[in-house]
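Q: Pasting a predicted model and its sequence here:
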Amino acid sequence: MQLPIASNSQTVPPVVLTVAGSDSGGGAGIQADLRTFASYRVHGTVVVTAVTAQNTLGVERVDALSPESVSAQFHALVSDLKIQALKTGVLVNAPLVETVAKHLKTLNLSNIVVDPVMVSRAGAVFVDSATIAALKSSLIPQALILTPNRYEAQILADLEITNLATMKTAAQKILELGCQSVLVKGGAMTGELRGLDVWASWQQLEILQTELIETPHTHGSGCTLAAAITANLAWGETPLTAIQKAKDFVTQALKHSYPIGAGQGPLGHFYVGFPSS
Ligand SMILES: Nc1ncnc2c1ncn2[C@@H]1O[C@H](COP(=O)(O)OP(=O)(O)OP(=O)(O)O)[C@@H](O)[C@H]1O
Ligand SMILES: Cc1ncc(CO)c(N)n1
């Protein structure tokens, strides 16, 4: 593959950040985010929020980092590096949500993608009601783009999502939480809605669909999508274009997902050519 950027000391890629958890199986979380960032030739930095013991079959244990550790990681980063776009992933308790929200406020950055990880598609529940309340009050209002999956959108909108109409209604209800736009992801929908997403801002509503990839190996698709949106924003794309390009990237990576382990395998990020940005 031809590298699009010359490697000399003058070339500086955009700096992006993922505030997320580690997946020991390497499929989701920070591991998926960094593979995605590398695919987009952006420099990925990390604030680790939790360490999960996880594989293709599920989550066995979650250890949250302390708010002090998370704060220290933010301080080290922002005292030295200029972040152009960031995404947040799993935040397993209310103090962590509040800590991250406080640091994001001081960054004065508009390119914020919030992936409100609460329930993975494999059914792992990561958060309690206090955490959901903190997400709603302090983090979601800072999002340029919020990316709930079907189950997270149901919780945030307090509405059962069964069809396209309820996906749209949920998106519009979630906007009232104060985010600038919301992408209700359809990976967990069934039939012809599987893989269809609904994006809503106050001005616009779009249905996004590429092609359905018939595979059980989709572990990390949500993290990959949010990371790819973040990378596209860092390269200067508008929110809708960033989402469209990111969805194309996820579709390609799903085409190349691979069966390691006995459960849901990860996406094949490194088999996708350099994405246009
Ligand atoms: N089989 C599929 N074919 C095409 N697109 C898919 C498929 N499964 C998921 N997607 C897309 O992948 C993106 C991620 O959505 P999804 O609903 O899977 O997120 P998620 O549940 O947060 O993922 P995960 O918890 O596995 O990281 C969305 O754009 C969705 O439409
Ligand atoms: C660490 C981590 N973050 C996010 C998800 C959601 O897929 C996961 N399974 N694990």
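A: Ah, there it is. Ligands and ions are numbered 1, 2, ... in the order given.

Q: which ones are touching the residue nearest the centre of the chain?
A: The residue lying closest to the centre of the chain (CA atoms, centre = their mean) is A226, at 3.0 Å. With contact set as CB atoms under 8 Å, 6 or more residues apart in numbering, A226 has these partners: D33, K87, G89, V113, D115, T147, A246. Backbone N, C-alpha and C define where each C-beta goes, glycine included.

Q: can you check L86 too?
A: V16, L17, T18, V19, L104, L107, L109, N111, I112, V113, T230.

Q: ok, back up a step: and the residue nearest to the centre of the chain, which of the three is it?
A: Under DSSP: H, G, I helix; E, B strand; the rest coil, A226 falls in the helix class.

Q: Please apply the same query to Y258.
A: Following three-state DSSP, the label given to Y258 is coil.

Q: give me the number of residues near the residue lying closest to P259 once chain neighbours are set aside?
A: Closest residue to P259 apart from its sequence neighbours, by CB to CB, 6 or more residues apart in numbering: G265 at 4.7 Å. By the criterion of other CB atoms under 10 Å, G265 has 20 neighbours.

Q: just checking, G265 touches S221?
A: No: at 11.3 Å, G265 does not count as touching S221 under the criterion of CB atoms under 8 Å.

Q: residues in contact with whatever residue of the stretch 1-150 of the chain ends up closest to ligand 1?
A: Of all residues in the stretch 1-150 of the chain, the one sitting closest to ligand 1 is N149 (3.4 Å; CB to the nearest ligand atom). Contacts for N149 (CB under 8 Å, 6+ apart) come out as V119, R121, K185, G187, A188, G222.

Q: May I ask which of the residues you listed has the most neighbours?
A: Using other CB under 10 Å as the neighbour criterion, K185 leads the contacts of N149 with 27 neighbours.

Q: That one and ligand 1: what is the separation?
A: If you measure K185 against ligand 1 using CB to the nearest ligand atom, to the nearest Å, the figure is 4 Å.

Q: Now that residue: phi and psi?
A: For K185, the backbone dihedrals (degrees, to the nearest 10) come out as phi -90, psi 140.

Q: Over to A50?
A: phi -160, psi 160.

Q: Can you give me the neighbour number for it?
A: A50: 23 neighbours (other CB under 10 Å).

Q: now swap in A85 and tell me
A: With neighbours defined by other CB under 10 Å, the count for A85 comes to 25.

Q: Surely it touches V113?
A: Yes: counting by CB under 8 Å, V113 is a contact partner of A85 at 7.3 Å.

Q: shared neighbours of these two, anything?
A: Counting by CB under 8 Å, 6+ apart, the shared contacts of A85 and V113 are T230, L233.

Q: Once you drop chain neighbours, what's closest to the residue of the chain found nearest ligand 2?
A: In the chain, the residue that lies nearest ligand 2 is G29 (2.8 Å; CB to the nearest ligand atom). Spatially, and ignoring its direct neighbours in sequence, G29 is nearest to D23 (3.9 Å; CB to CB, 6+ apart).
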